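In: Structure, please.
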Amino acid sequence: MAKEGITFFYHPHGYEFVPHGEGTLFDVLFAETKPEFVSYQMDVLWIIFPGQDPVKLLEKYSNRWKLMHLKDLKKGVATGSLSGKTDLENDVVLGSGQTNYPSVLETAKKVGVKHYFIEDESPSVMEQVPQSLKYMKSQGFE
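Out: Model prediction:
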């Protein structure tokens, strides 16, 4: 793929945080893939939902994150599940859920995330996306 100018991206979905060795399967993915061939897309909800810290992971693997799905998890939803799935109604307007988005966005910029995608799969997507766009503008994104 690299020979053809194509970058391979992996998008974690939560179940990669199963313990393995001295870390997790997530850590194995980063250790066993070469940066020149594999980059990563962070989906913030799928880092928060299994109980991980997106800022720490952005910093730990700072040279590997290039893309980011912006999705927020409703306040009060339990975290720590490695199932890779949660009710679609748990997608909420950016900045209104469990994620400390100012810190995540500041760190993402610092480590070189290049492209951001608002992802909202909720039944209220038509109402929520304009509010999420407004939130992103308040955070300095145009």
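In: from here on, contacts and neighbour counts on C-alpha atoms
Out: Noted.
In: any idea where the helices of the chain begin and end?
Out: For the chain, the helices defined by DSSP state H occupy 25-32, 45-48, 54-60, 101-111, 125-138.
In: Counting by contacts, list what the shortest one packs against.
Out: It refers to helix 45-48. Helices and strands touching helix 45-48, by 3 or more Cα pairs under 8 Å, 6 or more residues apart in numbering; DSSP states H and E, are strand 72-73.
In: would a markdown table of the helices of the chain with mean pLDDT and mean neighbour count be doable?
Out: A markdown table is the format used below for those (pLDDT from 0 to 100; neighbours: other Cα atoms under 10 Å):
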| stretch | mean pLDDT | mean neighbour count |
| --- | --- | --- |
| helix 25-32 | 96 | 14 |
| helix 45-48 | 98 | 24 |
| helix 54-60 | 98 | 17 |
| helix 101-111 | 98 | 17 |
| helix 125-138 | 98 | 15 |
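In: Next, format those helices as TSV and append distance to L73.
Out: Shown next, in TSV, are the helices of the chain (distance: least, Cα to Cα, whole Å):
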stretch	distance to L73
helix 25-32	21
helix 45-48	6
helix 54-60	13
helix 101-111	11
helix 125-138	13
